[in-house]
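Give me coordinates for this.
(2 chains)
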Amino acid sequence: MSLASELAAPPPAKIRLVGVSKNFTTKRGTVHALDDINLEIGEGEFVCFVGPSGCGKSTLLRIVAALEKNFTGTAEVNGKMIIEPGRDRTVMFQEHALFPWLDVLGNVLFGLKLKPDLTNKDRVEVAKYYLHLVGLDGFERANIHELSGGMKQRVALARALAPNPRVLLMDEPFAALDAMTREQLYGDLQKIHAARKKTILFVTHNVREAVCLGDRVLLFSPRPGRIRKEFKVTLPRPREFNDVAMASLAAEITGELKTILAKTIAEHTK
Amino acid sequence: MKQFFAILAFFAALLGAWEYAANHCGFSPVLVPAPSDVWKYLVAAAQDNSLAEATLVTMKRLGLGYAVGIAIGIPLGMLTARFKFLHNTIGMIALGLQTLPSVCWVPLALMWFGQTETAMLFIVVMGTVWAVLLATDAGIRQIPPLYREAAATMGSSGLHLWCRVLVPAALPHIVSGTKQGWAFAWRSLMAAEIYVTILGSNGIGHLLHYGRELHAMDQVVGLMIVIIVIGFAADKIIFSPWERFLHRRWGLRD
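I've put the predicted structure just below:
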């Protein structure tokens, strides 16, 4: 594998979930985290999972990452069963999950060092390419604790992108950031999606965030976790977070979400 | 700077008071040696090489015992962290034995190994190993699961996960555990040297012991000072670089 092929965008993957259900057993009983999820995600599609806490959206993402096992149903990437976590599906978490014993460059190199066909020089070059992509030139030798929250998430994004995955899984990655930093990152993420052509699953409870980023927005409802509704977002890109058309679509989806929630609560109190 | 002179003045006054008390308050020099006599002993012991020889013997024992203690303690701690059964068995034993002052191993060591270097090594290892084991175990168990998951999604597993994620993530604990292990090793060795006599290879502890038998308290106090200085210097030489690294990388406060 050469540097050029490493930096070339690999064909993004498609994901197929058939009849996926997942229960968590706790002391207080069984929680139906996910119930019969059927979902097809196309190559290079940017799909957002939206819903209240406890609706299983993060669990579904973790199933695709193979961090969650013991579910029923079928989960496939490009026709292959998902069994183990792997570099073709990297994850960006809500907490940055960067390794404090490594500096910024060391963190981005972590996944690259596990790719046997690259030389060290290539690895450093790839890592620097991604640090440039997330706007962190010159921070290679910085320690993690010296960075701001937004910069940490940028490093985490670079680290997730560096092994050149075909699917990028993002679990509320911007939830802990301030509004300004977040809006900046929406722009950056759209640019990266355009440039790197990944299939992206993005979990959030922020409807406007989902509309701003996604090609498709899926609404989840809790107990049991189900996909209740699906919206296609056809607004032109790049999208501005404060765009009027977007805000009105977000308002519409939020309305739907409220109705669904009210219904769920009514069902449970019946 | 002002502070520095104040500190200097304090210690000068302390030495002066000690010197005065030893010479003018009617204490027997066998009981209270004057600091000037202690100094004279240290100079003489340095000149006839007996201090250097004893220090070398002691440091060799300490180095070996400490190295063995760490070489056993860290891997065992990793195993007890990994396997619940081992945590509940070996971990339990470690917890119990850590509370046992290592000088309590001396009678057993003497019966098993006689007046030998092996007895000495055994006592130092028993003093070191449990603290190191427990710190490693705690360090690895307290690693946020997120590190493991993040590493797994980038393709790390098995030995790579252990060497590149779990051990580095537990490093702050392991360093403080090995530091504690060092303190225990040093204490156990001194106890061992006072109780275990090996003809022909005298460590600092032996000299201390002979000092008592000869009623030479200038020697005893002089050696106590040497023991303090060695403990202090080793702490700075071995652990300061690690602590500086942790401080810089992790941003930990001491």
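
only C-alpha atoms for contact and neighbour calcs from this point on.
Will do.

Against which helices or strands is the lowest-mean-pLDDT helix or strand in chain B packed?
Taking mean pLDDT, DSSP states H and E as the measure, the helices and strands of chain B show their lowest mean at helix B:240-250, namely a mean of 86. In this structure, helix B:240-250 packs against helix B:171-195, with contacts taken as 3 or more CA pairs under 8 Å, 6 or more residues apart in numbering or on different chains; DSSP states H and E.

quick one: is the helix it packs on near chain A?
No. Using CA under 8 Å from any CA of the partner chain, helix B:171-195 stays clear of chain A, with a minimum separation of 8.5 Å.

Centre of the chain to that helix, how far?
How far helix B:171-195 lies from its chain's middle: 3 Å, per CA atoms, centre = their mean, to the nearest Å.

ok, and for whichever helix or strand comes after it, which residues are buried?
Past helix B:171-195, heading to the C-terminal end, the next element that is a helix or strand (DSSP states H and E) is helix B:204-213. Buried residues in helix B:204-213, defined by neighbour count with 16 or more other CA atoms under 10 Å in any protein chain shown: B:204-211.

now the angle from helix B:204-213 to helix B:171-195?
For helix B:204-213 against helix B:171-195, the angle between stretch directions is 40 degrees (axes from the mean of the first three to the mean of the last three CA atoms, to 10 degrees).

Near residue 6, how many residues? Count them for me, please.
By default, I'm working from chain A. Summarising burial for residue A:6: neighbours were counted as other CA atoms under 10 Å in any protein chain shown, giving 17.

You answered for a different chain; I wanted chain B.
When neighbours are counted by other CA under 10 Å, residue B:6 comes out with 11.

now do residue B:154
Residue B:154 is flanked by 26 other residues according to other CA under 10 Å.

That one touches residue A:162, doesn't it?
No. Residue B:154 is beyond contact range of residue A:162, at 9.6 Å (criterion: CA atoms under 8 Å).

Identify the contacts common to those two.
With contacts taken as CA atoms under 8 Å, 6 or more residues apart in numbering or on different chains, the residues that reach both residue B:154 and residue A:162 are residue A:111.

could you check the angle helix B:171-195 makes with the least confident helix or strand of chain B?
In this structure, helix B:240-250 runs at an angle of 160 degrees to helix B:171-195, with the same axes, to 10 degrees as the basis.

hey, where'd the helices end up in chain B?
Along chain B, the stretches classed as helices by DSSP state H are B:2-24, B:35-47, B:50-82, B:84-98, B:106-113, B:117-141, B:145-153, B:158-161, B:167-169, B:171-195, B:204-213, B:217-234, B:240-250.

tell me the angle of the fourth one relative to helix B:50-82?
Meaning helix B:84-98. Computed by the same axes, to 10 degrees, the angle between helix B:84-98 and helix B:50-82 is 150 degrees.

Could you list every helix and strand in contact with helix B:84-98?
Under the contact definition 3+ CA pairs under 8 Å, 6+ apart, helix B:84-98 sits against helix B:50-82, helix B:117-141.

pLDDT below threshold where in chain A?
In the predicted model of chain A, residues A:1-2, A:270 satisfy pLDDT under 70.

near chain B, which residues of it show up?
By the criterion of CA under 8 Å from any CA, the positions of chain A lying close to chain B are A:65, A:67, A:85-87, A:89-91, A:97-103, A:110-111, A:114, A:143-146, A:160, A:163.

Just those: which are in strands?
Residues of these located in strands (DSSP state E): A:89-91.

Distance of residue A:130 relative to chain B?
When CA to the nearest CA, to the nearest Å is the yardstick, residue A:130 and chain B sit 16 Å from each other.

One more: residue A:119?
Applying CA to the nearest CA, one obtains 18 Å for the distance of residue A:119 from chain B.

which element is the residue most central in space within chain A on?
For chain A, the residue nearest the mean C-alpha position is residue A:170 (1.8 Å; CA atoms, centre = their mean). Secondary structure here is read from DSSP H and E; on that basis residue A:170 sits in strand A:167-171.

Outside of that strand itself, list whatever touches it.
Strand A:167-171 has contacts (CA under 8 Å, 6+ apart) with A:12-13, A:58, A:61, A:65, A:88-94, A:160-161, A:198-204.

and the longest helix belonging to chain A, what does it pack onto?
For chain A, the longest helix by residue count, based on DSSP H, is helix A:244-269. Counting contacts by 3+ CA pairs under 8 Å, 6+ apart, helix A:244-269 is packed against helix A:207-213, strand A:216-221.

Just the pLDDT for residue B:209.
Each residue has a pLDDT score; the one for residue B:209 is 90.

Hmm, it is touching residue B:196, no?
No. Residue B:209 is beyond contact range of residue B:196, at 10.4 Å (criterion: CA under 8 Å).

still on that earlier bit, and residue A:246, which of the helices of chain B is closest to it?
helix B:145-153 (33.1 Å; CA to CA).

Around chain A, which positions in chain B sit nearby?
Within chain B, the positions adjacent to chain A are B:146-147, B:149-156, B:168-169, B:246, B:248-251 by CA under 8 Å from any CA.

Recalculate using a threshold of 10 Å.
Within reach of chain A by CA under 10 Å from any CA of the partner chain, chain B has these residues: B:144-157, B:160, B:164-165, B:168-172, B:245-246, B:248-252.

Return a ChimeraX selection command for the buried portion of the residues you listed.
Selecting just the buried residues from these in ChimeraX takes one command, with 16+ other CA under 10 Å as the test:
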select /B:147,148,149,150,151,152,153,154,155,156,157,165,168,169,170,171,172,246,249,250
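
related to what we said a few turns ago, pick the most buried one from the helices of chain B.
Of all the helices of chain B, helix B:117-141 has the most neighbours on average by mean count of other CA atoms under 10 Å in any protein chain shown, namely a mean of 26.

any idea of the mean pLDDT for it?
Predicted confidence along helix B:117-141 averages 93 (mean pLDDT).

Who's the closest spatial neighbour of residue A:245, skipping the chain neighbours?
Here the nearest residue to residue A:245 in space, its sequence neighbours aside, is residue A:235; by CA to CA, 6 or more residues apart in numbering or on different chains that works out to 8.0 Å.
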